[in-house]
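In: Below is the sequence, then the predicted model.
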Amino acid sequence: MCLITLFLSLKLMYQSPVIIVGMHRSGTTMITKMLENLGLFVGVEKEINNEALFFWKINNWIFDLHTATPEKPYNLRYKNPTCEKVIIESLEHFVQSNKRKQYLGKHASKYASIKTLDFPYGWKDPKNSFTIDFWKHIFPNPKVIHIYRNPIDSVSSYIERDLALKNKFEWNWKKKLKRDLLISKNFHQNFRLTSIEEGYDLWHEYVTKALSLKEEFVDYIEIKYEDFLENPFENLQKLAQFSNLNVSDNEIKNEIQHIKKDRSYAFLNNKAYYDIYQTLKDKPLMKQLGYDNL
């Protein structure tokens, strides 16, 4: 066997990663956990929202380099060639450095690079919607899963979670010492999300960017959160097949048995949220995604 044939055969053995994108609070965590339970490897060390720390930290680093934050992702539009070159070279280094152990765990002893994995794997992070522009140079043929949810439920959930964290703040001697030394501490991560209307603009940024990926990647699939809740078996089966998972019908049924269908369009039970929806429903993206006539 010639070296070229050997190289091509080895490449065919490698799996393309499943990169899960979507606006925060859109069901990405729920669906990622289901896929993980069905056999998709999404990392050993994960943060609270089931995001692999390896990729989560690197995505944060990419955002920081652009002075962007999850609620201000638009700065990533202003890439310059030098910065992009540094990031791509760094990603190539990271996937084969000791850092990979945070993602691979015991698998690190067998695989010298995340690029050479031969089993279904991937990672979830809302920031993927933007950082995929860099990751595609490392993983040129990813399988992209885009999950979207109506903006009222997505944004209101985001706001309520963030306000709960904000309202837990209590002074202690360490915090007062940092104050006196003018050492900053993020008090409220998402100042932009002060209203549903402002949050809609953020939702629009994430969803528009994620939808644009279908023009770039052959292996792209999008799932409407509300459709998933209505027909969880068919949708999870489709996602499992898309992710190269070999699972039985019983395994899928076991994963969806606790689905709460009442989470679909929950905002309709809140008059204040419904009134806001009336002011947003005729926007072009709302019509495009079928959220204009609820």
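Out: Nice, I can see it. Numbers count the residues shown, from 1 in each chain.
In: would you list every one of the strands in this structure?
Out: 18-21, 122-124, 143-148, 220-224 (DSSP state E).
In: Pull the residues that contact the shortest one.
Out: Yep, that's strand 122-124 we're talking about. 17-20, 28-29, 32, 40-43, 49-52, 54-56, 103, 143, 243 (Cβ atoms under 8 Å, 6 or more residues apart in numbering). In short, each C-beta sits where N, CA and C put it, glycine included.
In: one more time with 10 Å
Out: 15-22, 28-29, 31-33, 35-36, 40-43, 46, 49-56, 59, 103, 114, 128, 135, 139, 142-145, 147, 243 (Cβ atoms under 10 Å, 6 or more residues apart in numbering).
In: hmm, which of those residues are the buried ones?
Out: The neighbour-count test (16 or more other Cβ atoms under 10 Å) applied to the contacts of strand 122-124 identifies 15-22, 28-29, 31-33, 35-36, 40-43, 46, 50-56, 59, 103, 114, 128, 135, 139, 142-145, 147, 243 as buried.
In: neighbours around residue 68, how many?
Out: Residue 68: 20 surrounding residues under other Cβ atoms under 10 Å.
In: Please list all residues in contact with the nearest residue to it once chain neighbours are set aside.
Out: Excluding its sequence neighbours, the residue lying closest to residue 68 (Cβ to Cβ, 6 or more residues apart in numbering) is residue 75, at 3.8 Å. If you count contacts by Cβ under 10 Å, 6+ apart, residue 75 has them with 63, 65, 66, 67, 68, 69, 130.
In: cool, and residue 15?
Out: So residue 15 contacts 41, 115-122, 139, 143, 243-244 (Cβ under 10 Å, 6+ apart).
In: Tabulate those residues (CSV), appending pLDDT.
Out: CSV is the format used below for the contacts of residue 15 (pLDDT from 0 to 100):
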residue, pLDDT
41, 98
115, 96
116, 96
117, 97
118, 95
119, 96
120, 97
121, 98
122, 98
139, 97
143, 98
243, 98
244, 97
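In: any idea how far residue 245 is from residue 95?
Out: Residue 95 sits 22 Å away from residue 245, going by Cβ to Cβ, to the nearest Å.
In: how about stretch 59-71: buried residues?
Out: 59, 60, 62, 63, 65, 66, 68, 69, 70, 71.
In: correction: stretch 117-135
Out: 117, 120-135.
In: number of nearby residues for residue 183?
Out: Neighbour tally, residue 183, other Cβ under 10 Å: 9.
In: That one: what's it in contact with?
Out: 175, 177.
In: Which pLDDT value goes with it?
Out: For residue 183, the pLDDT comes out at 75.
In: hmm, back to that, so which of the strands of the chain is nearest residue 234?
Out: Each of these has some distance to residue 234 by Cβ to Cβ; the shortest is strand 220-224, at 10.7 Å.
In: outside of the closest one, which residues touch it?
Out: 18-22, 26-28, 31, 142-150, 207, 210-211, 213-214, 230, 235-236, 238-239, 241-243, 264, 289-291.
In: how about residue 97, what does it touch?
Out: Contacts of residue 97 (Cβ under 10 Å, 6+ apart): 90, 113, 114.
In: Residue 84: which of the residues you listed is nearest?
Out: residue 90 (10.7 Å).
In: circling back to that earlier point, could you work out the most separated pair of the contacts of residue 75?
Out: Farthest pair in the contacts of residue 75, by Cβ to Cβ: 67 and 130, 13.4 Å.
In: what is in contact with those two at once?
Out: 75, 76.
In: just curious, which of the contacts of residue 15 is nearest to residue 157?
Out: For these, the nearest to residue 157 is residue 122 (23.6 Å; Cβ to Cβ).
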